[in-house]
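[1] sequence and computational prediction follow.
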Amino acid sequence: MISIRTERKSPDNLFIGIVRSINDSHLLFESLDPYGRVIKTISISIKSIVIIEYDEVYTNDLTKLYELNKTQKVIAKSVYIHNRTLSQFRNSLNRLKGSQELVSVFIGNDFFLGRIVDLDESDLIINCITYQGFDDGIVVFPINKIIKVRKNGLHEFKVNYLNKLKLG
Amino acid sequence: MKEILKRCFDNNTLVTIITNLNKIDSVIVGRIYQLDDESVEVDEINFNGRITRKRKLKLKSVRILRYGDIYSNEIKELIKFHKTSKEDKVSPKTKYTSNKSTPQFLMLLAELQRSQEMVSIFVKDDFRFGIINELSESHVKIKSITYGGWDDGFAVIPIKRIMDIGRNGSDEQQVSYLYRIRKGISGNLANVSI
C-alpha cells in the first residue's frame, strides 16, 4: 500500500492504494477512498510522480481498513440528532454518554469527533479522538451552540475502528 | 464552562479557546493568568511555542475550550525547547534552491545523507521534513518525520522534482528537537544533528 502524489492540481493529485502492474512508462493503480474501499483502477504516468510514500500512519490505517473491507461488508447509516428542543437534546446526549458511542458534534461550520464524557445544564464535555484514532484531549462546548450530533456514520465507524486498534 | 476554566487556571493548563468558529484569529492557545466572573486573560502562545501577546476575552464569548490535546502537548514541548536551546547559537535557515542534476546539488544531498540532519524538502506545493535515508542519481529517499516529531514512514522523491531544501532553520530545529524527545535521545538540545 503506497501513496502517490502527482503533478496534477490538488485535490486530484493524491492516490492511495496498490500497484497492480507496471511498465516502463505507466503503472496501473488500484485507488482507495478514505475508508479503505476500492474506488477505481487508474493508470498513472511514472513521469508525473512527485512523491511516493509508504509506511506512514495514514497509509497503514488505510491498509487495515482495506483488509477489514475484504473480510466484511461495513454497513454504516448516519443518524443525526438535531438540537431543536434543548431538554430533549440533553436527554439524547445523556443516552450517548451512557453508551460511550463515538459521535461527531457539529458546532459552527466545524465538527469534533469523540465520546461524551459529561454534560451539565450548560456544557457538553467530550474526549476527542483524531481521524487516525488517537486520543486528542478534552473539548468543552456550550450545549445551546451545538447544531447537531451524528452517530453510526461511516466516519464514526472508521475512527472508532482505528481507535480500538490503537488502544490494542 | 467557568468551572473548567478555573480548573485550567489553577493547574496552569495550556488551553485552546475558540471565540468564533468562522474566524481563524479567534483561536487562542495559551495559559490563563487571570480569571474573574466577567473575563479570562490569556498569555497567547504561537505555534512555535513563544508567548506573543496578552489577550483579554469576555467569558461569554468563549465558544469552545480545549485542553490535553496533541497540539497543546507539542506546544508544551516547544516551550521547553525555547527555554533550553541557546538562541545565540542558532544559525539562520539555509535554503538551497535546486539546480537539479548539477554535481554540486548531488554532493549537497550526499552531505546531508552523511550528516543525518533534519531537512525540509520542498516539491511543488508541498514539502516533507525528514532525514535522508538513501540516495541515487535520480531519487532521494527520506525517513519522513511529522511536524510533531513523529516517524511517518518513508518518502521517495525524484531529484528533478525537488525545488528547495531547507536545513538548520527554526522549523527543522523544532522538528529535530521533538523527534529526539520521541526517540529518547538526550544531549545538547541546541545541536540539531541526529
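    Alright, I've got the coordinates.

[2] rest of the way, CA atoms for contacts and neighbours
    Fine.

[3] all strands for the chain, in order.
    Chain wasn't specified; assuming chain A. A:2-6, A:14-22, A:26-32, A:38-45, A:49-54, A:79-82, A:102-107, A:110-119, A:123-129, A:135-142, A:146-151 (DSSP state E).

[4] you looked at the wrong chain, it should be chain B
    With DSSP E as the criterion, chain B has strands spanning B:14-18, B:27-35, B:39-45, B:51-58, B:64-67, B:94-97, B:119-123, B:126-135, B:139-145, B:151-158, B:164-167.

[5] for A:F111, find the nearest of those strands.
    strand B:64-67 (11.5 Å; Cα to Cα).

[6] now the closest one, how far from the centre of its chain.
    In terms of Cα atoms, centre = their mean, to the nearest Å, the centre of strand B:64-67 is found 21 Å from the chain centre.

[7] then stretch B:51-60?
    23 Å.

[8] that one near chain A anywhere?
    No: Stretch B:51-60 does not reach chain A (Cα under 8 Å from any Cα of the partner chain); its nearest approach is 10.2 Å.

[9] what's the residue of chain A most remote from its centre in contact with, if anything?
    Residue farthest from the centre of chain A, counting by Cα atoms, centre = their mean, is A:D24 at 35.6 Å. With contact taken as Cα atoms under 8 Å, 6 or more residues apart in numbering or on different chains, A:D24 is in contact with A:I46.

[10] can you rerun that using 10 Å?
    Neighbouring residues of A:D24 by Cα atoms under 10 Å, 6 or more residues apart in numbering or on different chains: A:45-47.

[11] then A:F141?
    Taking Cα under 10 Å, 6+ apart as the test, what A:F141 contacts is A:105, A:107, A:119, A:122-126, B:1, B:18, B:62-66.

[12] what's across from it in the sheet?
    A:L124 (DSSP bridges).

[13] before we move on, the earlier item: would CSV of the strands of chain B with distance to A:S10 and mean neighbour count be doable?
    Shown next, in CSV, are the strands of chain B (distance: least, Cα to Cα, whole Å; neighbours: other Cα atoms under 10 Å in any protein chain shown):
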stretch, distance to A:S10, mean neighbour count
strand B:14-18, 29, 23
strand B:27-35, 27, 20
strand B:39-45, 31, 21
strand B:51-58, 33, 14
strand B:64-67, 31, 22
strand B:94-97, 23, 13
strand B:119-123, 13, 23
strand B:126-135, 11, 20
strand B:139-145, 21, 22
strand B:151-158, 18, 21
strand B:164-167, 20, 20
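
[14] any idea which of these scores lowest on pLDDT?
    Between the strands of chain B, the one with the least mean pLDDT is strand B:94-97; it has a mean of 75.

[15] domain map for chain A?
    Per automatic domain parsing, the domain ranges recorded for chain A read A:2-71, A:79-167.

[16] ok now the first one, how far from the chain's centre?
    How far domain A:2-71 lies from its chain's middle: 17 Å, per Cα atoms, centre = their mean.

[17] pick out the most distant pair among the contacts of A:F141.
    A:L119 and B:I18 (19.1 Å).

[18] show me what contacts A:V139?
    So A:V139 contacts A:112-114, A:116-117, A:124-128, B:15-17, B:64-69 (Cα under 10 Å, 6+ apart).

[19] any idea how far it is from A:G114?
    9 Å (Cα to Cα, to the nearest Å).

[20] got it, and B:D171?
    Relative to A:G114, and taking Cα to Cα, B:D171 is found at 31 Å.

[21] which one of these two has more residues nearby?
    Higher neighbour count among B:D171 and A:G114: A:G114, with 28 against 18, using other Cα atoms under 10 Å in any protein chain shown.

[22] list the beta-bridge partners for that one.
    Beta-bridge partners of A:G114, as defined by DSSP bridges: A:V103, A:C128.

[23] wait, doesn't it sit right on A:N127?
    Yes: look at A:G114 against A:N127 with Cα atoms under 10 Å: they come within range, at 5.2 Å.

[24] common neighbours of those two, please.
    With Cα under 10 Å, 6+ apart, A:G114 and A:N127 have common neighbours A:102, A:135-139.
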